[in-house]
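A.B. asks: For reference, the sequence and a predicted model appear below.
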Amino acid sequence: MGSSKRLAAHYDMRAQHQEILRAARSGPLQSLTDRELALREYPLTIYPRPHRPVRAWVRFGPKSVLVDAILVRSTPLAVGIEFRAEDQTFRCWVWGNTVQDAAGD
């Protein structure tokens, strides 16, 4: 029997959601602090929809997870992302160098 690419993508997404939810039990989602963002010193860009898909490393307590996310805002050093796991939406700021463009995938 052949396998469907559509089903494979669905199972990959479900596996990622389960990994995110497991990590979320390890501790709260960490985000950069106001001091790290330095919004008074750096310009803030807010992106219109449709947002660009990205992959980013996030941390829940001590556990890090690579997630499929969308880019919603940025500064020259940091990126504001949003990602989902089942019915939960997570939002955080991460350092820009932890984010990769996922549009080419």
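C.D. replies: Thanks, I have it. Numbering: from 1, shown residues only.
A.B. asks: Ser31 is in contact with Phe60, correct?
C.D. replies: No. Here Phe60 lies out of contact with Ser31, judged by CB atoms under 8 Å, at a distance of 11.0 Å. All C-beta atoms are positioned from the backbone trio N, CA, C, and that covers glycine.
A.B. asks: In contact with the closest residue to Ser31 other than its chain neighbours, which residues?
C.D. replies: Of all residues not flanking Ser31 in the chain, Cys92 sits nearest, at 3.8 Å (CB to CB, 6 or more residues apart in numbering). Taking CB atoms under 8 Å, 6 or more residues apart in numbering, we find Cys92 in contact with 29-32, 58, 80-81.
A.B. asks: can you do 7 Å?
C.D. replies: Residues counted as contacts of Cys92 (CB atoms under 7 Å, 6 or more residues apart in numbering) are 29-31, 58, 81.
A.B. asks: What are the buried residues along the host helix or strand of it?
C.D. replies: Assigned by DSSP states H and E, Cys92 belongs to strand 88-95. Within strand 88-95, the residues scored as buried using 16 or more other CB atoms under 10 Å are 90, 92-94.
A.B. asks: Tell me the strands beside it, with direction?
C.D. replies: Looking at strand 88-95 with DSSP bridges, its partner strands are strand 78-85 (antiparallel).
A.B. asks: average pLDDT across the partner strand?
C.D. replies: What strand 78-85 shows for mean pLDDT is 95.
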